[in-house]
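1. fold the following.
(2 chains)
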Amino acid sequence: MSALAGASELAVPRRAAGDGFTNAYRAELQKLLAQLTTRLVALFAVIGPFAFAAVLKVQSGTPSDALFGAWVHSSGFAISLVILGFAGTWGFPIIAGVLVGDLFASEDRHGTWKTILTRSCTREDVFTGKLAAAGTVTIAASLLLAASSLLAGIALVGAQPLVNFSGVLSSSGHVLALTLVSWLYCLLPVLAYTSLAILFSVATRNGILGVLGPLIVALLTQLLDLIGKGVIVHTLLIGSAFDGWHGLFVNHPFFGPFLASGFVCLVWIAVCLGVSWRILRRRDFLTRSDAGRTSWTAPLRVVVAAAAAVAILALCASLGPTGVTARRVSHAIGAEFNNVTLLQQQLIGRQVPAGAKLDILPTCNRRAAAAIGPGDWNCNIYVYLPQPNAVPFQQTAVEYDVSVEYNGCYKAQSPPAFLGGPTMRNARGRNVTNPLYIVYGCFNEF
Amino acid sequence: MTDGTLRRGNPASVTEPYPEGGLALGAERSQQIHWCAAGSPIDCPAVAAVRATGLVKRFETTTAVDGVDLVVAPGEVRGLLGPNGAGKTTLLRILFGLIRPDAGEVELFGRELSDLGQSALDGVAGFVEEPAFYPYLSGRANLRLLARLDGNTATAEEIEDALTRVDLSPRADARLSVYSTGMRQRLGIAAALVRRPRLLLLDEPTSGLDPAGARAVAALVQELAADGVAILLSSHQIGELEKVCSAYTVLRDGRVVWDGTAAELEEQAPVSAYVLTTSDDAHAFRIAAEQPGIRAELTPTGGLTVAAAPQQLDAVVLALGDARVIIRRLELLVSPLEAMFFALTADERLDGLAPQELAAKVLAPA
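-> Reported below is the predicted structural model:
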């Protein structure tokens, strides 16, 4: 060391300017933005949708299992909504985990708790600063993904109208508004997953568990969705909240799941952050050797507690009423079939009077022992077409294989022999998506 | 404790900055903080930098800190000594608010740590164990980040100045992941300096530093202390503590076993050992051996070693002078602090030990 300046230069101590929260928030943002993982997530959020849209553009196949998946060649909004669906299942938990799961645990790994907690910030300042920074980056990444998916869809496919879950063509402006609202609504479950990542990070003091925690919860959510028929447990899961926007895409929007899931997310956020703060507030920041001695105690406790919670949820998964009944499925499919049939007629250039209605009789049955609940269903739709030579009419049966999800959304597909293939020629001779081949819909489970 | 730096006064009556560097701060908080430079001509408030009373901290079955009282005055450099596991680091962590004591109270500049949490740390800086930083940031970016946590009280120039003072300026933009242990240690000191501390808590500050770096830290500590900064220094390098400390607190098994000034320690220290080289070592040996309470030995490499209390050594030196034996070299082999530290922290007595035996026992690695 050299060039020691006069000590008197250091003689005047100064009080920290600004409030501790703001200082901690800015410092945390500086740290997060300096990390490679944050930059990679941002890069993925920007490039990913364009790559996805470009791949779809050059091939004829569609991700038809995803809601709106059959429409990705017809409307750019479908691409954004398909990405939203994927993101709700896996993308958002990964984003939350990668960006935030190591936020608290990294201070343990680097041994830097003692560095930041011995500056002019209280534990509360550091905690709230970290929360705000975590929320900022996850929301920013989600919005980036939303903007990128919309731009990619519109740029590579176009801003065409989209067939909604009632089988009606919605205008571009209306679909754009609904798509934006859907992405914004999903910020709530994103924040719930972020809070969960924070809880894992604080409770386990282990970055790996913090990062993987939300992803594991998302995976378990998928499994619980498969095994249970009851509405109660499904509604209590964070992952279910990503379905809340489905009710907006029908002719008569329903808001029950939208509101219930939003409330559930707020409860998750409050509980996760409350428990995290309680742990951090009471914690002693010991030496590394002390921490090493107990380094697996905390993660083990969290894993055991999480396993117990999952077991309880699995046992309760069938509690409560099931929203998927034959009556609801039949009613939804029947009404939608009417609308998509009329739409098909319009596409091929036939005049369809406003408010025209087919005379149909839908009959749906579950392909399993139990007559209710999500799973594979079979629907026969009997169409009574008035014919000049028929007395009094001609009956046509259309068969659909219907896959109904726990959340009341379904994909109905008809064998090509019945209603043609995935595409058809419209009145102008162009190949367009056949609205009758694959039908997406959602009904209110509540 | 250095008399004169702690004086009685009425904190509430002091509202203006002191002309000599002290400052009344934290008016927006519920308690005021007052700093006073050593030797200030005005009536400084009686506020110790650190006042800890009855601190107790238990971990499961062990009591790491057991009823510790500690006072560090402004301008004082207090050495915190103790063998491994004595509770030094735990005590420093309590003072930093990183650990909550099971009993006892801590006041930093008159403000209770338990009441105000980390905000009581305004004006306090330092580190516990090795300094820790973010490996994905550069040294400079780490300091900027910490300055940001302090409310951006340090300007870019001040950060640069701190880096220069610890000789890190040329490598300040390299990522911390490529820093050596010594460089991290120096960055830790720079991080403390940018807070413009009035109380420095340093745990093994010279660990990992080369001799020149260690000397520079010692000089810096003395410089800051001369400016009224209170410094609590925990170290295993007793030789380095001796150069800078004006007072000591010795811990053993979590308890304070000795507390006092350097002068008091010298007075109470058991025999020390010295290396003595003279113009006539054989004669010098006979003279030394004749003195009461002194044990001397001739060494195979020339010269002799003497085990004696400081006052007893004075008699030997005078006797050698009377006998016209010229002293060519007189060095401490075992210092009073080292001897005192051993006496306080080991269960063995040093009385009657030959100098080499004394040195072997006291200077043996723990």
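2. okay, CA-based contacts and neighbour counts for the rest of this
-> OK.
3. please parse the chain into its domains.
-> Going with chain A. A:20-316, A:326-442 (automatic domain parsing).
4. you looked at the wrong chain, it should be chain B
-> According to automatic domain parsing, the ranges for chain B are B:55-265, B:270-363.
5. how about TSV for the domains of chain A, with distance to B:Ser246, mean pLDDT and mean neighbour count added?
-> TSV is the format used below for the domains of chain A (distance: least, CA to CA, whole Å; pLDDT from 0 to 100; neighbours: other CA atoms under 10 Å in any protein chain shown):
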stretch	distance to B:Ser246	mean pLDDT	mean neighbour count
domain A:20-316	25	90	20
domain A:326-442	74	83	18
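6. nearest to B:Gly293, out of the ones you listed?
-> Nearest to B:Gly293, of all the domains of chain A, is domain A:20-316, at 44.9 Å by CA to CA.
7. does the closest one reach chain B?
-> Yes: contact of domain A:20-316 with chain B (CA under 8 Å from any CA of the partner chain) involves A:20, A:23-24, A:26-27, A:30, A:34-35, A:110-112, A:114-123, A:283-287.
8. end-to-end on that domain?
-> Length of domain A:20-316, first residue to last, CA to CA, to the nearest Å: 44 Å.
9. re the thing from before, to B:Pro292, which of the domains of chain A lies closest?
-> Taking CA to CA, domain A:20-316 is the member of the domains of chain A nearest to B:Pro292, at 48.5 Å.
10. where does pLDDT dip in chain B?
-> Within chain B, the set of residues satisfying pLDDT under 70 comprises B:1-46, B:115-119, B:347-366.
11. which residue ranges of it form helices?
-> B:88-95, B:113-116, B:139-149, B:156-165, B:181-193, B:211-226, B:238-244, B:262-268, B:281-290, B:310-322, B:336-345, B:355-363 (DSSP state H).
12. including distance to A:Pro362, could those go into TSV?
-> Formatted as TSV, the helices of chain B follow (distance: least, CA to CA, whole Å):
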stretch	distance to A:Pro362
helix B:88-95	73
helix B:113-116	70
helix B:139-149	66
helix B:156-165	75
helix B:181-193	75
helix B:211-226	87
helix B:238-244	91
helix B:262-268	98
helix B:281-290	118
helix B:310-322	109
helix B:336-345	91
helix B:355-363	95
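13. picking up where we left off before, buried deepest among the domains of chain B, which one?
-> Neighbour counts (mean count of other CA atoms under 10 Å in any protein chain shown) averaged over each of the domains of chain B peak at domain B:55-265, with a mean of 21.
14. hmm, back to that, from the residues of domain A:20-316 next to chain B, which land in helices?
-> A:Gly20, A:Asn23, A:Ala24, A:Arg26, A:Ala27, A:Gln30, A:Ala34, A:His110, A:Lys114, A:Thr115, A:Ile116, A:Arg123.
15. figure out which of the helices of chain B is closest to A:Ile333.
-> Closest to A:Ile333 of those, according to CA to CA: helix B:139-149, at 58.7 Å.
16. in the stretch 251-400 of chain A, which spans are strands?
-> Secondary structure of the stretch 251-400 of chain A (DSSP state E, counting those that start in this stretch): strands at A:359-366, A:375-385, A:394-404.
17. nearest to chain B among these would be which one?
-> Across the strands of the stretch 251-400 of chain A, chain B has its closest neighbour in strand A:394-404 (48.0 Å, CA to the nearest CA).
18. ok, residues contacting the helix or strand following the closest one?
-> Using DSSP states H and E, the helix or strand that follows strand A:394-404 in sequence is strand A:409-413. By CA atoms under 8 Å, 6 or more residues apart in numbering or on different chains, the residues outside strand A:409-413 that reach it are A:65, A:67, A:246, A:400-404, A:437-443.
19. for those residues, which one is nearest B:Leu200?
-> Once CA to CA is applied, the member of the contacts of strand A:409-413 that ends up nearest B:Leu200 is A:His246, at 59.7 Å.
20. assess the claim that that closest one and A:Glu445 are in contact.
-> No: assessed by CA atoms under 8 Å, A:His246 is found out of contact with A:Glu445, at 11.6 Å.
21. name the residues contacting each of the two.
-> By CA under 8 Å, 6+ apart, no residue touches both A:His246 and A:Glu445.
22. quick revisit: and the helices of chain B: which comes nearest A:Thr221?
-> helix B:139-149 (38.8 Å).
23. tell me what that closest one is packed against?
-> In terms of contacts (3 or more CA pairs under 8 Å, 6 or more residues apart in numbering or on different chains; DSSP states H and E), helix B:139-149 is packed against helix A:20-34, helix B:156-165, helix B:181-193.
24. find the closest residue to chain A in the stretch 251-366 of chain B.
-> Closest point on the stretch 251-366 of chain B to chain A, by CA to the nearest CA, is B:Gly254, at 15.7 Å.
25. could I get the contacting residues of the residue nearest to that residue when sequence neighbours are not counted?
-> The shortest distance from B:Gly254 to any non-neighbouring residue, by CA to CA, 6 or more residues apart in numbering or on different chains, is to B:Val65 (4.0 Å). With contact taken as CA under 8 Å, 6+ apart, B:Val65 is in contact with B:Leu55, B:Val56, B:Lys57, B:Arg58, B:Ala86, B:Gly87, B:Thr90, B:Leu91, B:Asp253, B:Gly254, B:Arg255.
26. again, only using 6 Å
-> By CA atoms under 6 Å, 6 or more residues apart in numbering or on different chains, B:Val65 lies in contact with B:Val56, B:Lys57, B:Gly87, B:Gly254.
27. quick check: the last one touching B:Asn84?
-> No: no contact is recorded between B:Gly254 and B:Asn84 when judged using CA atoms under 6 Å, the distance being 10.5 Å.
28. any shared contact partners between those two?
-> Counting by CA under 6 Å, 6+ apart, B:Gly254 and B:Asn84 have no common neighbour.
29. measure the residue in the stretch 151-300 of chain A positioned nearest to chain B to B:Pro101 for me?
-> Residue nearest to chain B within the stretch 151-300 of chain A: A:Asp284 (4.6 Å; CA to the nearest CA). According to CA to CA, A:Asp284 and B:Pro101 sit 9 Å apart.
30. can you check B:Pro292 too?
-> 49 Å.
31. ok, B:Glu76 next?
-> From B:Glu76 to B:Pro101 the distance is 25 Å (CA to CA).
32. what does A:Asp401 give?
-> On the measure of CA to CA, A:Asp401 and B:Pro101 end up 67 Å apart.
33. also B:Leu233?
-> For B:Leu233 relative to B:Pro101 (CA to CA), the value is 20 Å.
34. B:Gly303 now?
-> For B:Gly303 relative to B:Pro101 (CA to CA), the value is 52 Å.
35. same question for A:Ser182.
-> Taken as CA to CA, the span from A:Ser182 to B:Pro101 is 50 Å.
36. hmm, who's touching stretch A:226-233?
-> Under CA under 6 Å, 6+ apart, the answer for stretch A:226-233 is A:Ala317, A:Ser318, A:Leu319, A:Gly320, A:Pro321, A:Thr322, A:Gly373.
37. most neighbours of all the residues you listed, which one?
-> Sorting the contacts of stretch A:226-233 by how many neighbours each has (other CA atoms under 10 Å in any protein chain shown) puts A:Gly373 first, at 24 neighbours.
38. distance of the residue nearest to that residue when sequence neighbours are not counted relative to B:Glu107?
-> Of all residues not flanking A:Gly373 in the chain, A:Val324 sits nearest, at 4.8 Å (CA to CA, 6+ apart). According to CA to CA, A:Val324 and B:Glu107 sit 65 Å apart.
39. go on, B:Ile326?
-> According to CA to CA, B:Ile326 stands 54 Å off from B:Glu107.
40. likewise for A:Ala335?
-> In terms of CA to CA, A:Ala335 sits 75 Å off from B:Glu107.
41. would you agree A:Ser182 is in contact with A:Trp245?
-> Yes: between A:Ser182 and A:Trp245 a contact is recorded at 5.2 Å, counting by CA under 6 Å.
42. tell me the bridge partners for the closest residue to B:Val334 other than its chain neighbours.
-> Using CA to CA, 6+ apart and skipping residues adjacent in sequence, the residue nearest B:Val334 is B:Ala273, 4.7 Å away. Beta bridges link B:Ala273 to B:Ala307, B:Val334, judged by DSSP bridges.
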